[in-house]
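A.B. asks: Fold the following and give me the result.
(chains A and B)
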Amino acid sequence: MQVTSSVREPLVTGGKTYHDVTHDVSRQVEGKPTLLWFLAFLTAAGTLAIGLIAVTATVWEGIGMWGLNKTVGWAWDITNFVWWVGIGHAGTLISAVLLLFRQKWRTSINRAAEAMTIFAVICAAMFPVLHMGRPWLGAYWALPLPNTFGSLWVNFNSPLLWDVFAISTYFSVSLVFWYIGLIPDFATIRDRATGLRKVIYGALSFGWDGAAKTWMRYESVSLILAGLATPLVLSVHTIVSFDFATSVIPGWHTTIFPPYFVAGAIFSGFAMVLTLMIITRKVFKLEDYITMTHIELMNIVIIITGSIVGIAYITEFFIAWYSGVEAEQYAFINRATGPYWWAYWSMMTCNVISPQLFWVKKIRTSIIATFALSIVVNIGMWFERFVIIVTSLHRDYLPSSWAMFYPSITDVGVYLFTFGLFFTLFFLFAKFFPVINMAEVKSVLKSTSAKVRK
Amino acid sequence: MKENKKTYWKGLEQLSNDPEFVKHADKEFAELPSSLSEDGSASRRDFLKLMGFSLAAASLAACEAPVRKAIPYVNKPVDVNPSIPNYYASTFSSGGDYASIVVKTREGRPIKIDGNELSPINKGKVNAIVEGSVLSLYDKQRLTGPYIAGEKSDWATIDSQVKSKLASAGSVKIVSNTILSPSTLKAIQQLSDAVGGVEVIQYDPISNYGISKAAETYYGTAGIPSYSFDKAKTIVSFGADFLGTWISPIEFAGAYAKTRKISKEKPEMSRHYQFESNLSLTGANADYRTPIKASQSGLAVLALYNALAKKAGATTVSAPAVEIAHLEKAANDLWAAKSAGLVVSGSNDPNVQVVINAINELLGANGTTVDFTNPVHFRKGDDTRMNQFVNELKGGQVGAVIFYNCNPVYDFARGAEVAEGIAKAKVSIATNGTMDETASLVQMVAPDHHFLESWNDFEPKKGHFSLAQPTISPLFDTRQAQDSFLTWAGSTTNYYDFLQLNWESEIFTQVETGSAFQEFWDRSLFNGVVAIASEASAPAAPVGDVSAAAANVAKAYKADNAGAELVLYTKVGIGSGAFANVPWLQEMSDPITKATWDNYLTVSQKWASENGVTMNEGQTSKASISVNGKSLVVPILIQPGQAEGTFGLALGYGRTKAGRVANGVGVNAYELLDASQGFVNFDITSGVEVSATGESYNIARTQTHQTFMGRENVIQEATLAEYKNDAGAGRYHPEIYKDGEFVKPSKISLWSGHQYSQHHWGLAIDMNSCIGCSACSVACQVENNVAVVGKQEVLNRREMAWIRIDRYYSSDAPADDLRGMEVASENPEVTFQPMMCQQCNNAPCETVCPVAATTHSSEGLNQMTYNRCIGTRYCANNCPYKVRRFNWFKYHDNKDFPANVAQNDDLGKMVLNPDVTVRARGVMEKCSMCVQRIQAGKLAAKREKRKIQDGEINVACAVACPTDALVFGDMNDANSKVSQLLKIKENTTSALKEVNEERAYHVLEEINVSPNVWYFTKIRNKDKNEA
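C.D. replies: Numbers count the residues shown, from 1 in each chain, chains lettered A, B, ... in the order given. The predicted model follows:
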């Protein structure tokens, strides 16, 4: 283990003891739901219910319920898909990559970040299925299953199939990683609980006994999963970007997409983590665990990734000019000055200009500014995907087919549905699961050589 | 062989003859081990077993698709073989439009109309309306029997009433559109003889009375001449839309295209000048087009006459001066072409037509490009007589009126007066097939058969005859109108016998065959057409004088009319509106405006900017137009090329009693026509007021971006002079840098390339021949069961057309002004580019489909497997040509899409092509290059153990194309027409063919998707490049 300098700032403030940690986190699970939680949950569930109407309409009547047309075959559906997948990057990045880099500050936020990842990926996964013309068949025909259709197999050339593999792998690994991390904490809650709750958390904790051997196995599995998950963080969005990069459409056919998409994903993921954490720490009074240091560090990641994304935007323009390809040049000029200029400039403002405010320490360490900017960043990232997908498609090669895309109410409804789903799941998680990894936080309580009181 | 005496026992029980065994020996299945309880009731176990089995069986059965029963013939008709089509030669004729056709029937149902190749008039070609007319047979709107006073009746009642009433009615008039049928006229004559005089009054909704009248004035005989556009080197048209709607557009388009096809061997083409107010299909194809006001058109004709008269040394006429661009140039070209010049005018003003006759006379074109000695009969309508008739009708002087398949209440300029007058006639009868605007006002409706159910004959042109025969037995209790006439005349002969007798006496005698009549009849019926050879006669000699007409023209037209002018026109797809209830035609995108499901006021860009009217996609606003007191509110469409100060409005819309498809679509502009001068005037030059109302409206257009943004990889064009210099003029050759040199895009590929060992289907499209008429589009829709989605879905940009015609305007903006290039020129050059699946060899759609629903065939086709498609739409996104179409909704059997008649109502469904699947919702579809036709052709050749001959298989679009702009064939066959056109030297099995024709190019060559569709550069016969 590395030597820790005694002057290092403590990661958990307020002089918390091990017992305090257990108590502060577990009481949320054990106590009665607060009125605020109820209200929040009902809002989320209500949104989900309203969104479900749109989803039902789509499945019942057809994709025609959306605003798509002969020219723009994807719009909000794939925009939302990529957006949610992007958000789903932060959790695994925080838990796996930061674990490998021994960034101990991650311990307070990784649980919620991972949960967010999983819920975001669930939301994302809705779209590839919902956007199909015949989801009842597509949901399993897109998998390489043995079948009785003759030697009919999926098309391994198709980036959409790669998506299927990438997303499902990422989802499974993230889910397992998250759950393994939850086991010791479930055991803690089990040990404090009685009655039915004890049975449930007992089952959830898989018979965790806290033995040294068990802890050793836990550590090994975590490391192995972290090792497995790290390349996935990079691969998922790389592969998602292939959907566009391998096509022939100007504005899509771009080799810069994989790193650009990954940076963008981390950017939006961190922003979403911030949005949620700032609310959680306030509502659950966890200010001592999720400190200003956390927020500041994450804001720094946002500056870096935001700048990478900004450079990518500029590079695209340069390459379009440098390539000498007429259609490509037009696609980019059209982005900035065409009928969807407002989407482009929303993206530029939200993603490139606004994160630069974090260079100022005052803004970077302000809760309100961080909260506001975290939302701005996610708006910007949604527009980024919209710009890439819609403005590239709506005016491609043959001017005769140029068309506008206008979203329908159902488009909005389906997007709301995923919001409802996401927050419903997140509020359930926040209430019934320990939102902070107690076991890991306890390991960082002692960041100095000082003794931790029991 | 030794006798076999072995005995095999089923078991010991049989051997021992056990009584228990003997009792059940006759049962096939042994009893299940009995667990029945003593009282015979089932045990709990059995009950569960049975329940389980039934449940499983029921749920399994529920998984199966419902069984739809097909009933086989008990006694199969001799000539109806399931899945084998039969073809019958017949004739289409409506409102003076004519086409000799071949009707394809499947299992006794007519499903498609093609042109009759033996016809010297339409030469195997059709237009959109003829293609679409097959659906009118299955129109729910058709009457199912005779009606008296709006109540269903029967034929006996009708006949007895008509007979008694006609006898005492006094003057009997039959009102009709042009009657091309000599036998029908004869049948009417019998009626006339029986009731003591019947007058036939013919009028045409789209009248060409002016030409006929002018011929009477100038040559002494009324009639419309034959025009030979194929013999013309210089064509000047004053507002005549001869490629789209004028007199005989199918014939003219074919002839015109002959003069527009060029090759290195024949680098010559006609030069075409058009002077018009609205941008017509013909104007869009002209080399020089000058927008002029309708009020100037007569003066322009006079100016041309004077210019030519000066050259010819003839006396000029006095005419007000008028400044018209390109008119001088046209005169020079005409004079150089002399008898190979042709001047036509769309004006219905007899005076203008007299001057036109005089011009052609000056050129010596009478006898070469214009032939008055072989008149055509397409438009026999007499506006003067019709006007008189309306007066008589209004005045109550008409005893009985029979409307013979015509709808003057709707489509005559004085329709409202006709409607008012009908009640004043003692007897009013209509033979119309539907309860339309006229039929709904008469006392008795004796519905005629649909033309596909009828016998008839036609004489479209002097000496040319054609026959119509039923292709299906009558669907309803209708009766052929001629049979009605004969019955009312007291005759007992049916029309079929009457027709035969007439042919035996009239036509057979003129055709020297020496064979029996029956043989002649059978052959005529099989061929559909008969021509009587006539000796070439000397051209008609003028008997009239031009000066009187010229003086009238000079008086009637003005060089500087400040007021607004309205030019009423007909659309290629809707025509007079007779077939407006055919949804295919309503959804056919207009070749020029690309609009569907509407008529609208076309306004010039200048007027629009002055009045603050803008269009964004389909979003526009309305205008109120009033013409001499009558006013209408119509949507505005900004039309580049519209002459300043003029407005255009299409006829054929605003039907009120056509049926659920056409009712309420657009506004009826017929009432704005002016019949006050003795002829129906389509150019309203005075008393027109237009004002924008500001009320917003949406026009459903399939193409909303008008220019090609200067993209040379899409449109490649040159002038004739450039082409003569260099056959590759206008070609764009993209090159890609690789390993130190620039190479053709086709040299760089990730793919090893397909091999086509048998056939390699390809399509060559000549953009010089394509006139944009959209017959291909409708033909494809009929052939491939393409859904009609209705106006709202077109507005949502979801039309389903597999083949569309991209129409691009030129722009005046410089190449670096991207915004500017989006705006079309005031008077743009127009290019038409048919666009369908390019059947790419390196198809971008194929690689991206996750389930391999779209794959490459061994014959170069990109095939779409609907069953496998899950509808991700990735293929459509990745298609650079945007030709893939998605089934956003369930368009068939869905009451939300009532316009999709062919897939939504039981009668309409009879028109579906059984060889092509009706697509389910959620799947992608696109042009298949009529793969069902390819397969049928291959099977036919295989059965006869021979190779496929070129031309034997042809795609529906190419079959319909009146100008042969599309040529389909096997590129592996060195002798095929497509190989010859493309000059493919080595017909290897490789997917990459070495095409040596300089004009041939791939759209978007630089992305190397390697299409199997080639385009030929557009060549304009202009002196220099100018927009």
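
A.B. asks: wait, isn't residue B:201 in contact with residue B:174?
C.D. replies: Yes. In terms of Cβ atoms under 8 Å, residue B:201 counts as a neighbour of residue B:174; the distance is 6.9 Å. Quick note: C-beta positions are derived from backbone N, CA and C, even for glycine.

A.B. asks: For residue A:81, grab phi and psi.
C.D. replies: In terms of degrees, to the nearest 10, the main-chain angles of residue A:81 are phi -60, psi -50.

A.B. asks: which ones are touching the closest residue to it other than its chain neighbours?
C.D. replies: In this structure, residue A:81 finds its nearest non-sequential neighbour in residue A:127, 3.7 Å apart by Cβ to Cβ, 6 or more residues apart in numbering or on different chains. Residues in contact with residue A:127, defined by Cβ atoms under 8 Å, 6 or more residues apart in numbering or on different chains, are A:77, A:78, A:80, A:81, A:84, A:418.

A.B. asks: okay, among these, which ones form the most distant pair?
C.D. replies: The distance between the two most remote of the contacts of residue A:127 (Cβ to Cβ) is 12.9 Å, for A:78 and A:418.

A.B. asks: in chain A, which helix or strand is least confident?
C.D. replies: helix A:98-100 (a mean of 75; mean pLDDT, DSSP states H and E).

A.B. asks: Assign the residue lying closest to residue B:87 once chain neighbours are set aside to helix, strand or coil.
C.D. replies: Of all residues beyond its chain neighbours, the one nearest residue B:87 is residue B:102 (5.2 Å), with distances taken as Cβ to Cβ, 6+ apart. Three-state assignment for residue B:102 (DSSP: H, G, I helix; E, B strand; the rest coil): strand.

A.B. asks: Was I right to think residue B:102 contacts residue B:89?
C.D. replies: Yes. In this structure, residue B:102 is within contact of residue B:89 by Cβ under 8 Å, at 5.5 Å.

A.B. asks: any common contacting residues for these two?
C.D. replies: Taking Cβ under 8 Å, 6+ apart as the criterion, residue B:102 and residue B:89 both touch B:116, B:528.

A.B. asks: who touches residue A:75 in this structure?
C.D. replies: A:66, A:67, A:68, A:386, A:389, A:390, A:393, A:405, A:407, A:411.

A.B. asks: which element is the fourth one on?
C.D. replies: If I follow you right, that is residue A:386. Take DSSP states H and E as the rule and residue A:386 turns out to sit in helix A:367-386.

A.B. asks: Could you pull up phi and psi at the residue in the stretch 1-150 of chain A that chain B sits nearest to?
C.D. replies: Using Cβ to the nearest Cβ, residue A:133 is the residue of the stretch 1-150 of chain A that sits closest to chain B, at 1.9 Å. Backbone geometry at residue A:133, expressed as degrees, to the nearest 10, gives phi -70, psi -40.

A.B. asks: neighbours of the closest residue to chain A within chain B, just the number please.
C.D. replies: Proximity of chain B to chain A (Cβ to the nearest Cβ) peaks at residue B:871, 1.9 Å away. As a burial measure, residue B:871 scores 27 neighbours (other Cβ atoms under 10 Å in any protein chain shown).

A.B. asks: Over to residue B:949: give its phi and psi.
C.D. replies: Here is the backbone geometry of residue B:949 (degrees, to the nearest 10): phi -90, psi 150.

A.B. asks: and chain B, which of the contacts of residue A:75 reach it?
C.D. replies: Restricting the contacts of residue A:75 to those within reach of chain B (Cβ under 8 Å from any Cβ of the partner chain) leaves A:67, A:68, A:393.

A.B. asks: Can you give me the pLDDT of the nearest residue in space to the last one that is not next to it in sequence?
C.D. replies: Leaving aside its sequence neighbours, residue A:393 sits nearest to residue A:72 (Cβ to Cβ, 6+ apart; 4.7 Å). According to the predicted model, the pLDDT of residue A:72 comes to 94.

A.B. asks: sorry, back to before: can I get the contacts of residue A:127 in a markdown table including distance to residue A:139?
C.D. replies: A markdown table is the format used below for the contacts of residue A:127 (distance: Cβ to Cβ, whole Å):
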| residue | distance to residue A:139 |
| --- | --- |
| A:77 | 15 |
| A:78 | 17 |
| A:80 | 18 |
| A:81 | 15 |
| A:84 | 18 |
| A:418 | 17 |
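
A.B. asks: dump the residue contacts of residue B:1019.
C.D. replies: Remark: with contacts taken as Cβ under 8 Å, 6+ apart, residue B:1019 is in contact with B:262, B:269, B:717, B:718, B:719, B:720, B:723, B:730, B:768, B:999.

A.B. asks: mind listing which of the residues you listed are in helices?
C.D. replies: Counting by DSSP state H, the contacts of residue B:1019 place B:720, B:723 in helices.

A.B. asks: Most neighbours out of the contacts of residue B:1019, which is it?
C.D. replies: Neighbour-wise, the contacts of residue B:1019 (other Cβ under 10 Å) top out at residue B:999, 28 neighbours.

A.B. asks: I'd assumed residue B:717 was in contact with that one.
C.D. replies: No. Residue B:999 lies out of contact with residue B:717 (Cβ under 8 Å); the separation is 10.3 Å.
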